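# only geometry, no sequence info:
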């Protein structure tokens, strides 16, 4: 569906955390409704408490009942390695694994409950079964800047997308954001050997090394220019549809579940009035 700025909004990101108040049937209703409005890409953003039966059920439904050909999960890699083959058989096409460091002692500082070897095993398994695999690395000042080239060189030998992303300013952690924020574009511009790829109408910018098996992408959350190609809406754990990752407000759709005509009209209006640039509001900067 096109919004008022002629952006094609075709991706829904669903937060599937342990605190989600939406049932599987609620989610199926929502997914069915948005696909009829033109959504043809679904990301399921997981936390480390995976309800595998719920996940299998949703992926099967998205693939076989809604005929969606792009189904992705976003995960920290914990507890998923032994499930990816089955998830693929149910319809999973893509996986994005968060990995902020390739060094065990540094990774443990951010992820106390997760063994980096388990994460690396998940990535290796996904590559072996030919799932489209992305590694998401959030760059943090004075933490992993020294590993940027290591991540980039992964694409020389592995058919993966390495996605560098920036910290998002949230009101609950604004001091951490100010200390840790890194401008990715400035760093990428100073790395020799990277060639920008000509992907039109994409929210990310893409780069590659000569003769590499994989690619590099950058997600500059705080750059006004990315808003021009933004194609996403977000369903959070509380049943709110948000049209921008920077927005602290959204449309509460719980009262419209199982009311298809009202639901579609509410979501259609939300998509059409999607902000041109929510960063300008300064919602999290105080």
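Now that the structure is in, tell me what you want to look at. What you are looking at is a predicted structure, and each value in this text was computed from that prediction instead of being measured. Numbers count the residues shown, from 1 in each chain.

# Any regions of the stretch 151-286 of the chain where pLDDT drops low?
Residue ranges of the stretch 151-286 of the chain with pLDDT under 70: 171, 200-202, 221-225, 278-286.

# Please repeat the previous calculation with a cut-off of 80.
Counting by pLDDT under 80, the stretch 151-286 of the chain contains low-confidence residues at 169-173, 199-203, 221-229, 246-248, 276-286.

# Spell out the secondary structure type for the most centrally placed residue in the chain.
Centrality entry for the chain: nearest residue to the mean C-alpha point is residue 74, 6.0 Å, by CA atoms, centre = their mean. Secondary structure, DSSP: H, G, I helix; E, B strand; the rest coil: residue 74 is strand.

# any idea how far it lies from residue 45?
Here the distance between residue 74 and residue 45 works out to 4 Å (CB to CB, to the nearest Å). Yep, even glycine has a C-beta here, placed from its N, CA and C like the rest.

# Now for those two: what residues contact both?
residue 13 (CB atoms under 8 Å, 6 or more residues apart in numbering).

# can you pull out the helices in the stretch 151-286 of the chain?
Taking DSSP state H, counting those that start in this stretch as the criterion, the stretch 151-286 of the chain contains helices spanning 174-180, 184-189, 260-272.

# In the longest one, which residues are buried?
Of the residues in helix 260-272, those buried by neighbour count under the rule 16 or more other CB atoms under 10 Å are 263, 266, 267, 270, 271.

# Can you say which two of those residues are spatially most distant?
Maximum pairwise distance in those, criterion CB to CB, is 12.5 Å, between 263 and 271.

# which residues does residue 78 contact?
The neighbourhood of residue 78, defined by CB under 8 Å, 6+ apart, consists of 48, 113, 114, 118, 119.

# Using the three-state scheme, assign it.
Of the three states, residue 78 takes coil under three-state DSSP.

# Residue 19 too?
Following three-state DSSP, the label given to residue 19 is coil.

# The residue nearest to it when sequence neighbours are not counted: neighbour count?
Counting by CB to CB, 6 or more residues apart in numbering, residue 19 lies nearest to residue 237, which is 5.3 Å off, once chain neighbours are set aside. Using other CB atoms under 10 Å as the criterion, residue 237 is surrounded by 16 other residues.
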